[in-house]
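> Sequence and predicted structure below; questions after.
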Amino acid sequence: PAEGVRYGLHPHVGSTIEVEEEARAVLDATAGSALWFGPDTGHLRWAGATPEKVIADYADRVLNVHLKDVDATAAAGARQRDEDYMTATGRSKVWIEPGRGVIDFDAVLTALPEGFDGWFVIEVDVPNLPTPVESSAASLSFLRRHPYFATATGGAV
């Protein structure tokens, strides 16, 4: 912290801290410490959490947010087939460009504290659309049409 570097817990499916109970246990045990929270909306959802509720509960510790969306049908199929993270991400394409899946981004963004000035990371591990260019264009379109980003950036997205 003396150098201005902050670090945050980033729950991630396929890692040591992946489900809501694990994330909450770490965040609760470290309350008041230098550990921030770097939620990933897609990983929280895929692991069974409601992203906006977890973010709201730890809003004062949110350092950055990975805006990742989930294809609910693909995720359910991956869980039913008991696929590991890499298989579900690659073959089953559980991730989908923001705004095309089941994440309630309005609720996620409303859960953030007033004046939030952290980073947002648009993340699509493997494009759901046919090409990376189409995936990037869809992600940029999401940012440009979402009122939160249009207001926060003066439309400069």
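Perfect, thanks for sending it. Numbers count the residues shown, from 1 in each chain.

> could you give the mean pLDDT of the longest helix seen in the chain?
If you go by DSSP state H, the chain has its longest helix at helix 132-145. Rounded to a whole number, the mean pLDDT of helix 132-145 is 94.

> which of the residues in that helix are buried?
Neighbour counts over helix 132-145 (16 or more other C-beta atoms under 10 Å) mark 135, 138-139, 142-143 as buried. All C-beta atoms are positioned from the backbone trio N, CA, C, and that covers glycine.

> May I ask which two of the residues you listed are separated the most?
Maximum pairwise distance among these (C-beta to C-beta): 13.2 Å, between S135 and L143.

> where do the strands sit along this structure?
Secondary structure of the chain (DSSP state E): strands at 7-9, 35-37, 64-67, 69-70, 95-96, 119-122.

> Would you mark the buried spots in the first one?
With burial defined by 16+ other C-beta under 10 Å, the residues of strand 7-9 counted as buried are 8-9.

> Count the residues that sit near Y58.
Neighbours of Y58 under the rule other C-beta atoms under 10 Å: 19.

> List the contacts of it.
With contacts defined as C-beta atoms under 8 Å, 6 or more residues apart in numbering, Y58 is in contact with 27, 37, 39.

> so where's this protein uncertain?
Scanning the chain for pLDDT under 70 picks out 1, 152-157.

> hmm, back to that, in a markdown table, list the buried residues of helix 132-145 along with distance to A150.
Listed next are these as a markdown table, based on distance: C-beta to C-beta, whole Å:
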| residue | distance to A150 |
| --- | --- |
| S135 | 21 |
| A138 | 17 |
| S139 | 15 |
| F142 | 11 |
| L143 | 9 |
